[in-house]
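K.L.:
Can you look at this prediction? I've put the sequence above it.
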Amino acid sequence: MRLGIAISGVGSNMLALAQACRDGRIPADIALVASDRNDAPGLVRATELGLPTATIARNRDETRDQHDARLRAAFESNGVDCIALAGYMRILSADFVAAYAGRLLNIHPSLLPRHKGLHTHRAALAAHDREHGATVHFVVPEMDSGPIIAQAAVPVLPTDDETALAARVLAVEHRIYPQALKLVAEGRVTVANGRCLIDGRRVETFS
Ligand code: GRF
């Protein structure tokens, strides 16, 4: 599998995926790390790893469709057949999502369907959740709503602030994103009635 990764920021999930590809845990090669921001620290880290990178910055005078068409062209010209969004902070156009349906994954820092959107750690604390976590899912046009491939919970501690909780969640993100990509790369994930099946079986609980 030729994996494309889209980032906007630090890129710690991108690094976790790169490491997993490198040591054989994911049967894939990273064909391109693309960012919508030329100042994304993850671009530097990807370059240090010898990964191909591209910046597809948003031009003020172009629409979302036009920007995403350029992003898609960059992935296609590098032979990418599966894309992992890893802290990519823009909503993708319907055309982009349709083009990569079933081959486009995202990681979200909450136990979806709880806390879609931004500021999930703040939301979990405000709701006095006892558990929080992370979810890997296929991307569909509706934000943070696609079939769930992997999910992992962490406890919310009485002493937590957003920073402490975010760090605990990020650690599980780095574990479950490679696990989910491995399953997808091995062709073990299918979708039926909007739910993921792994090896043909519905997953009731995640670890
Ligand atoms: C992660 O928490 C991810 O779940 C969210 O954005 C953050 C990106 O972190 N979508 P990084 O850039 O991978 O370090």
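P.N.:
Sure, I can see it.

K.L.:
Enumerate every residue touching the closest residue to the ligand within the chain.
P.N.:
Of all residues in the chain, Gly87 sits closest to the ligand, at 2.7 Å by Cβ to the nearest ligand atom. From N, CA and C alone the C-beta is placed, and that goes for glycine too. Gly87 is in contact with Ile7, Ser8, Gly9, Val10, Gly11, Ser12, Asn13, Met14, Gly42, Ile107, counting by Cβ atoms under 8 Å, 6 or more residues apart in numbering.

K.L.:
Distance check, it against His115.
P.N.:
For Gly87, the distance to His115 equals 16 Å [Cβ to Cβ, to the nearest Å].

K.L.:
And for Asp161?
P.N.:
Distance, Asp161 to His115, by Cβ to Cβ: 16 Å.

K.L.:
which regions of the protein lie under the pLDDT threshold?
P.N.:
Filtered on pLDDT under 70, the chain yields the residue ranges 205-207.

K.L.:
packing partners for the lengthiest helix in the chain?
P.N.:
Longest helix in the chain, counting residues (DSSP state H): helix 162-185. If you count contacts as 3 or more Cβ pairs under 8 Å, 6 or more residues apart in numbering; DSSP states H and E, helix 162-185 packs onto helix 12-22, strand 82-85, strand 104-108, helix 120-126, strand 131-138, strand 148-155.

K.L.:
Asp161 and His115: which is more packed in?
P.N.:
A count of neighbours by other Cβ atoms under 10 Å puts His115 above the other of Asp161 and His115, at 23 against 10.

K.L.:
Spatially central residue in this structure, please.
P.N.:
Centrality entry for the chain: nearest residue to the mean C-alpha point is Asn106, 2.9 Å, by Cα atoms, centre = their mean.

K.L.:
near the ligand, which residues of the protein show up?
P.N.:
7, 9-13, 42, 86-87, 107-109, 170, 173 (Cβ under 6 Å from any ligand atom).

K.L.:
Could you give me the PyMOL selection string for whichever of the residues you listed are buried?
P.N.:
With 16 or more other Cβ atoms under 10 Å as the criterion, this PyMOL line picks the buried residues out of the residues of the chain next to the ligand:
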select buried, resi 7+9+11+12+13+42+86+87+107+108+109+170+173
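
K.L.:
what's the most distant pair in the residues of the chain next to the ligand?
P.N.:
Farthest pair in these (Cβ to Cβ) is Gly42 and His108. Separation: 17.5 Å.

K.L.:
thinking again about what came up before, how about the residue nearest to the centre of the chain, nearest residue that isn't a chain neighbour?
P.N.:
Take Asn106 and drop its neighbours on the chain: the residue closest to it by Cβ to Cβ, 6 or more residues apart in numbering is Leu85, 4.3 Å away.
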